[in-house]
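Trainee: Kindly generate the corresponding structure for this input.
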Amino acid sequence: MAEVIRMPKMSDTMIEGVIANWLKKEGDVIKSGDIIAEVETDKATMELENYEDGTLLYIGVKAGEAVPVDGIIAVVGTPGEDYSALLEAPVPSTTTNQSAEVIQEAPAPSPAAVTATPAIDLSAIKAKAVRMPKMSDTMIEGVIAKWLKKTGDVVKSGDIIAEVETDKATMELENYEDGTLLYIGAKEGEGIIVDGIIAIVGEPGTDFQPILTAEKQTPAPAVELPLASPVAAETKADAPKAVETNSTPSTTDKERISEDSIKASPLARALAKEKGYNLNWIKGTGEGGRITKNDIEDYNPSSGGAMSTFISGVESFEDIPNSQMRKTIARRLSESKFSAPEFYLTMEINMDKAIEARVSLNEVLPVKISFNDMVIKATALALTKHPKINSYWMEDRIRVNKHVHIGMAVAVEDGLLVPVIRFANEKSIAQISAEAKELGGKAKSKQLQPKDWEGNTFTVSNLGMFGIDQFTSIINSPESCILAVGGIKETVGVKNGQFYATNIMKLTLTCDHRVADGAAGAGFLLTLKQYLEDPLKMFI
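Mentor: Next up is the predicted model:
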């Protein structure tokens, strides 16, 4: 009798697993104990063990696709056996982890784990769907930034067919099927939900319409949507995303074309946005006139060509569709703000000795130390003495992290990214400085990878360099606290009745009252104050 193989819960935080690699194929005879696939979880890549003897009759998800916990991965049974009823059976209502500590409702299976209505037989169709992979832990949909192949092109497994903009970065989309690109499911600039069909690859002349029909009949995945509906993309490939109205078009406007249709690398686009350059005025030196990073860096706006954003005497406006990053920021921070009972603690830090120490450090170290580097180092050490501040709120429990991974908030063109300095308490101030500079540069050029932004246990947000004296930050869930760092301000102090010049920096700690109370937050800030006001303590 046929049996289904479901995605096991391989860690206490696991919601879904990604099939990293299949070690068996349909038709293979397998035994209990055989390793049939490698699964990427939120913790590591692990081996998936089979517990049924028989033939691998059905594989429900391709390599690179995600399956929720308890979703159907495969079916094992006797050759020729009818297993369709198993695929239509409801998903178990609960799933229990190995220690039987937590019982939670299982998420509904994704389209990759559910077959189409029995009325449509896809087995005879010589074509396969290419689906939107889940490229980050917070990704709900991806936007096709650029197609590198077109309908009718012959593609092979391993070919890069498109560039996809996620909420974190612009990443390459790899194809896993050999054949001809028969269908493209989204134009450049359009979004596709995770597991949605991006393209179809198969033999030339194949009727692939049943695949699209089956997709419409498949229930949508139970994913949490952003608070606001995404702005619909323009249907014409050459239509600009930003639309000006009530403005008088000039001759130059007629000659301009949409920046989205200009050939440019993702890094070049990111740098152009950061610098405020219009791609229309930059000449590409890459293949086929493609604009490269060097073209952006070499461009001189003063040489002419740039146009004013404002038109005198004319009412106008511009609608800018929200980027994937902006949608995710809105969703996650709204969830945090409206669910966590926050309170705020502010403390003044005398930075006179820290200023002196920084001068001395920069005379002997191979990298230049910033005040933010010193704050991160001091924060990491303080967290080891106040582990409750280094904790996660997990709804049914509090997880006290015994490692310190500091998230470093970095402002970029589209919003905010938080790359992570891992084991910051174990690193020297020079190591922290070098890593912070590298991660900050990668964030601004959209080169961060998932390993760079996952796993932070505490976040530091610094607006001091913008002249901000004091502010409050919203907690980066599931963390329990976040530190807001203001600028260093020269002021007048009083000691023994005498006035003197001194330098003050204000730190504000936002705390989730479900995890940390006022005394815990105050104790952490006091330890942090001691490290920053006497930096020698950090290096002993």
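Trainee: ok now the host helix or strand of residue 67, how far from the chain's centre?
Mentor: Using DSSP states H and E, residue 67 maps to strand 66-68. Strand 66-68 has its C-alpha centroid displaced from the chain centroid by 17 Å (C-alpha atoms, centre = their mean, to the nearest Å).
Trainee: elements contacting it?
Mentor: Packing partners of strand 66-68 (3 or more C-beta pairs under 8 Å, 6 or more residues apart in numbering; DSSP states H and E): strand 16-22. All C-beta spots, glycine's among them, are computed from the backbone N, C-alpha and C.
Trainee: strand partners of the strand it packs on, parallel vs antiparallel please.
Mentor: strand 35-40 (antiparallel), strand 66-68 (antiparallel) (DSSP bridges).
Trainee: Just the CA atoms of the following helix or strand past the first one, as CSV, please.
Mentor: In this case it means strand 35-40. Once the chain leaves strand 35-40, the next helix or strand it forms, by DSSP H and E, is strand 45-49. C-alpha atoms of strand 45-49 as CSV (Å, rounded to 0.1, in the frame of the first residue of the first chain):
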residue,chain,number,x,y,z
THR,A,45,21.1,21.5,5.4
MET,A,46,20.1,18.1,6.7
GLU,A,47,19.5,14.6,5.2
LEU,A,48,15.9,13.4,4.7
GLU,A,49,15.6,9.7,5.7
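Trainee: Report all helices and strands that strand 45-49 contacts.
Mentor: Partner elements for strand 45-49 (3+ C-beta pairs under 8 Å, 6+ apart): strand 35-40.
Trainee: Centre of the chain to the strand it packs on, how far?
Mentor: With C-alpha atoms, centre = their mean, you get 24 Å for strand 35-40.
Trainee: try stretch 3-19
Mentor: Mean-position distance between stretch 3-19 and its chain equals 21 Å (C-alpha atoms, centre = their mean).
Trainee: Distance across that stretch, terminal residue to terminal residue?
Mentor: Start and end residues of stretch 3-19 are separated by 19 Å (C-alpha to C-alpha, to the nearest Å).
Trainee: Just the buried residues of that stretch, please?
Mentor: Burial within stretch 3-19, assessed by neighbour count using 16 or more other C-beta atoms under 10 Å, is assigned to 3-10, 14-19.
Trainee: Which two of those have the greatest separation?
Mentor: 3 and 15 (23.8 Å; C-beta to C-beta).
Trainee: Please, which helix or strand holds residue 434?
Mentor: helix 429-444.
Trainee: Going by neighbour count, list what's buried in whatever helix or strand comes next after that helix.
Mentor: Counting by DSSP H and E, the next helix or strand C-terminal to helix 429-444 is helix 450-453. Buried residues in helix 450-453, counted by 16+ other C-beta under 10 Å: 452-453.
Trainee: following helix 450-453, which helix or strand comes up?
Mentor: Helix 450-453 is succeeded, C-terminally, by strand 458-462 (DSSP H and E).
Trainee: and that next one with helix 429-444, angle?
Mentor: 80 degrees (axes from the mean of the first three to the mean of the last three C-alpha atoms, to 10 degrees).
Trainee: So what are the sheet partners of strand 458-462 and their directions?
Mentor: Take DSSP bridges as the rule and strand 458-462 pairs in its sheet with strand 406-408 (parallel), strand 481-495 (parallel).
Trainee: Residue 35 bridge partners, please.
Mentor: residue 49.
Trainee: Okay, it and residue 16: tell me how far apart.
Mentor: Going from residue 35 to residue 16 by C-beta to C-beta, to the nearest Å gives 20 Å.
Trainee: Low-confidence regions, the chain specifically.
Mentor: Along the chain, segments meeting pLDDT under 70 span 10-13, 42-44, 89-121, 136-137, 167-168, 218-261, 266-267, 287-288, 301-312.
Trainee: Tell me who's in contact with residue 128.
Mentor: 62, 177, 179, 200-202 (C-beta atoms under 8 Å, 6 or more residues apart in numbering).
Trainee: so how many other residues sit close to the residue nearest to residue 463 when sequence neighbours are not counted?
Mentor: For residue 463, ignoring the flanking residues on the chain, the nearest one in space by C-beta to C-beta, 6 or more residues apart in numbering is residue 471 at 5.9 Å. Neighbourhood size, residue 471 [other C-beta atoms under 10 Å]: 15.
Trainee: How about the one 5 residues further on?
Mentor: Residue crowding around residue 476 was assessed by other C-beta under 10 Å; the count is 21.
Trainee: What secondary structure category should be reported for it?
Mentor: coil (DSSP: H, G, I helix; E, B strand; the rest coil).
Trainee: How about it: what's its closest non-neighbour residue?
Mentor: Of all residues not flanking residue 476 in the chain, residue 459 sits nearest, at 4.7 Å (C-beta to C-beta, 6+ apart).
Trainee: separation between the one you found and residue 345?
Mentor: Here residue 459 is placed at a distance of 16 Å from residue 345 (C-beta to C-beta).
Trainee: If you count surrounding residues, which of these two has more?
Mentor: Under the neighbour definition other C-beta under 10 Å, residue 459 and residue 345 were set side by side, and residue 459 has more, 23 against 18.
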